[in-house]
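Visitor: Curious how this folds, go ahead:
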Amino acid sequence: MSNFYLCLVFAGFFAVASSVPALKITPGNTDFAFKFYHQIALGAADNIFFSPLSISTVFALLLLGARSTTRSQLLSGLSLNQINEQEIHRDFHLLLQFLNRPNAEIELNIGNAVFTHDQLKVLNTFLSHAKKNYQAEVFPVNFKKPAEAEQQINSYIENKTQGKLIDVVKDLDEDIVMVLVNYIFMKAYWANPFNRDNTKDADFFVDEQTTVKVPTMNKDGLFKTYHDQGLSCVVVQLPYKGSASALFILPDPGKLKQVEDALGRDVFSKWVTSLKQQRINLFVPRLTMTSKYDVRDVLRRLGVIELFTNQADLSGITGTPELRVSKAIHQAYLNVHENGTEAAAVTVVDISPTSLPPEVKLNRPFFFIIFEEIIKTILFLGKVINPSKA
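Guide: Residues are numbered from 1 along each chain as shown. This is a model prediction of the structure:
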């Protein structure tokens, strides 16, 4: 049984229209995003940050080669089992085309790569569909020389993420015959940047016993907000230039677990449709976050089991079922600044009325969702427990 290695990476900055595709995969992708989040959150006491789109995209690509029970488990785990598979691949093709538009106001680059052992005979149908539907680049690699293979793959990832993620792939075994990579790089500017002069160190209350000082951005202005009285939280939307937005969810004191347990597609939809514009005085901590997850463990808990065993049927890749996924990792990097990106500078003068608006201070654990508004696609999900932790 030969081994497969999946690498999913995101590098970006906290921050897409041409013709807008109608995507049948959107509800399933949203369900998967929250299912994956809840599995990560089990027992986790640290910050959480990941790109569900990166994970679902590369495993949808793998569907091209999956057969029998391996295929059905993967479809169910990705929450795509209610859709015709041909429509799944078509929709991911349209989604990637839309998000990678060169004339968009944010820099968003999403893609896939297939690194195959130079002696492995891969079916032309698999490679052609991977290139057509998932914009995959294909590279021959000699995995019998693991150090050289790692260097080749890591150089590719470092280049695609503009140096933000380095040395992601480590400890490749000589029996690896294929590595799949999905990368997402985003650089975005807030539609209304924060004034750097207003950023001050402020207390962030990690828990009842722990308080840390963090640089905190501040802006008095009009924001779309919603107070969810049923779940005891405040929701604030911050738009980027273009059609992407960040949604901050601040639970009331003592209600973090209640809000976290409720996170899902219906609640997300309710929040987005309930937002109303009002003037608030908003405080947001500057963030730099890194994360790394073993995707295998999470997917196994979601019922995707056979894919990682010797019973895996990936015969759509080589014509024989002698492949399994041995590793699947997801690594992410996020940097949030006053302009939405660390690579730009802007001078902003805020002019506000003299009356005092309500304050919303993200000075205790909160959640965030970065999503594309036009096609309703969640790009990134996270929870901030301690913003002073990288």
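
Visitor: can you pull out the strands in the stretch 51-200 of the chain?
Guide: Under the criterion DSSP state E, counting those that start in this stretch, the stretch 51-200 of the chain contains strands at 107-117, 136-141, 176-187, 200-205.

Visitor: Please provide the alpha-carbon coordinates for the last one, formatted as PDB.
Guide: What follows is the C-alpha trace of strand 200-205 in PDB, where atoms were taken according to Å, rounded to 0.1, in the frame of the first residue of the first chain:
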ATOM      1  CA  LYS A 200      -3.100  51.700  22.400                       C
ATOM      2  CA  ASP A 201      -2.200  48.900  24.700                       C
ATOM      3  CA  ALA A 202      -5.300  47.600  26.600                       C
ATOM      4  CA  ASP A 203      -6.300  44.800  28.800                       C
ATOM      5  CA  PHE A 204      -7.600  41.600  27.300                       C
ATOM      6  CA  PHE A 205      -9.300  39.300  29.800                       C
END
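
Visitor: Spell out which strands sit alongside it in the sheet and which way each one runs.
Guide: Take DSSP bridges as the rule and strand 200-205 pairs in its sheet with strand 211-228 (antiparallel).

Visitor: May I see the buried residues of the partner strand?
Guide: 214, 215, 216, 217, 218, 219, 220, 223, 224, 225, 226, 228 (16 or more other CB atoms under 10 Å). For every residue, glycine as well, the C-beta is placed using N, CA and C.

Visitor: Low-confidence regions, the chain specifically.
Guide: Flagging of the chain using pLDDT under 70 yields the residue ranges 1-21, 103, 340-356, 390.

Visitor: Nearest residue to the middle of the protein?
Guide: The centroid of the chain falls nearest to residue 51 when counting by CA atoms, centre = their mean (1.1 Å).

Visitor: circling back: could you say which of the strands of the stretch 51-200 of the chain is packed most deeply?
Guide: strand 176-187 (a mean of 24; mean count of other CB atoms under 10 Å).

Visitor: Show me what that strand packs onto, helices and strands only.
Guide: strand 2-13, helix 52-63, strand 107-117, helix 146-160, strand 323-336 (3 or more CB pairs under 8 Å, 6 or more residues apart in numbering; DSSP states H and E).

Visitor: Which residues does the helix or strand just after the first one contact?
Guide: When you say that, I think you mean strand 2-13. Using DSSP states H and E, the helix or strand that follows strand 2-13 towards the C-terminus is helix 26-41. Helix 26-41 has contacts (CB atoms under 8 Å, 6 or more residues apart in numbering) with 48, 50, 52-53, 55-56, 77-80, 82-83, 260, 263-265, 268, 293, 298, 301-302, 375-378, 381, 383.

Visitor: so who does residue 199 touch?
Guide: Residues in contact with residue 199 (CB under 8 Å, 6+ apart) are 215, 216, 217, 218, 286, 338.

Visitor: Identify, from the residues you listed, the entry nearest to residue 127.
Guide: Checking those against residue 127 with CB to CB, the nearest one is residue 286 at 43.2 Å.

Visitor: where do the strands sit along the stretch 251-390 of the chain?
Guide: Under DSSP E, counting those that start in this stretch, the stretch 251-390 of the chain gives strands at 276-285, 287-294, 323-336, 359-361, 366-372, 377-384.

Visitor: can the ones you listed go into TSV with extra columns for distance to residue 72 and mean neighbour count?
Guide: Shown next, in TSV, are those (distance: least, CB to CB, whole Å; neighbours: other CB atoms under 10 Å):
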stretch	distance to residue 72	mean neighbour count
strand 276-285	43	17
strand 287-294	23	17
strand 323-336	16	22
strand 359-361	45	17
strand 366-372	29	23
strand 377-384	24	23
